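> sequence and predicted model, in that order:
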Amino acid sequence: MNTWIDRRYGTSRGLVRALLGQLELATGRLRPFALRRPDQVRRVVFVCRGNICRSAFAHHEALKYGMNVASFGLSTSTGRRCPAAMIAAAARAGVDLDAHRARSWTRFEVCSGDLFLVTEVRQAHELRRLLGARDDVQVCLLGMWCTPAMPHLHDPYKLNDAYLDRCLERIGQAVRKLGAELAAVPTLAEYKYSSRKPA
């Protein structure tokens, strides 16, 4: 039987990282990853480790709301399929991942106005290093749009179905709130929601 920790945080490591993320949030260390210029967002880019679970689901959930969207993995092979358990969990949440194929960072083209949404604090730091001095893009934590905010959204890969469902529920909530926030930006409404081109 899965424990409460397994169901809610995936593993004990997931719980520890969630608590560390909350500590960093409380002490202000995550301020560099706040969304400061929503009016400059031209594309939403979801990022995780493999682009076969968290960012894959976020990508296809965002497409349902007409967002201009892309995704990639920081450490993956382009062309990888989502695992069967993830496809099944996404289907339970109303998202079809059967045709999704991973894209690696090395095969991704950064565009001015990209808003990168990562699933872990350490990914935010890693991506910021990879982007170098570029100031025409922004890096944020997707879980900050959860209620309550969750800077760390633990990787559900190969974990139990209960946590898979919980993780996707959190991601779905974050994507919906983000989409509503961006749609409310006057300078973005016409651009973003008339640009329905999946990357």
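Yep, it's here. Numbers count the residues shown, from 1 in each chain.
> what's the separation between I5 and R166?
12 Å (C-beta to C-beta, to the nearest Å). For glycine as for every other residue, the C-beta is placed from the backbone atoms N, C-alpha and C.
> I should have written R81 there, sorry.
R81 is 23 Å from R166, by C-beta to C-beta.
> of the two, give the one with the bigger neighbour count.
The residue with more neighbours, out of R81 and R166, is R166; 19 against 15, by other C-beta atoms under 10 Å.
> give me the number of residues near R13?
For R13, using other C-beta under 10 Å, the count is 12.
> which strand or helix spans it?
Here R13, judged by DSSP states H and E, is contained in helix 12-26.
> in this structure, which helix or strand is least confident?
helix 186-192 (a mean of 54; mean pLDDT, DSSP states H and E).
> let me see the ranges of the helices in this structure.
All helices of the chain, identified by DSSP state H, fall at 4-9, 12-26, 54-63, 84-92, 121-131, 161-183, 186-192.
> so can I have JSON lines of these showing distance to V110?
Formatted as JSON lines, those follow (distance: least, C-beta to C-beta, whole Å):
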{"stretch": "helix 4-9", "distance to V110": "32"}
{"stretch": "helix 12-26", "distance to V110": "25"}
{"stretch": "helix 54-63", "distance to V110": "15"}
{"stretch": "helix 84-92", "distance to V110": "26"}
{"stretch": "helix 121-131", "distance to V110": "7"}
{"stretch": "helix 161-183", "distance to V110": "19"}
{"stretch": "helix 186-192", "distance to V110": "18"}
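> of these, which is nearest R103?
Across the helices of the chain, R103 has its closest neighbour in helix 54-63 (9.4 Å, C-beta to C-beta).
> can you show me the CA trace of the closest one as CSV?
Output in CSV follows, covering the C-alpha atoms of helix 54-63 (Å, rounded to 0.1, in the frame of the first residue of the first chain):
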residue,chain,number,x,y,z
ARG,A,54,5.5,16.9,-16.5
SER,A,55,6.4,19.2,-19.4
ALA,A,56,4.7,17.0,-21.9
PHE,A,57,1.4,17.1,-20.0
ALA,A,58,1.6,20.8,-19.4
HIS,A,59,2.3,21.4,-23.2
HIS,A,60,-0.8,19.6,-24.3
GLU,A,61,-2.9,20.9,-21.5
ALA,A,62,-2.0,24.5,-22.6
LEU,A,63,-2.9,23.8,-26.2
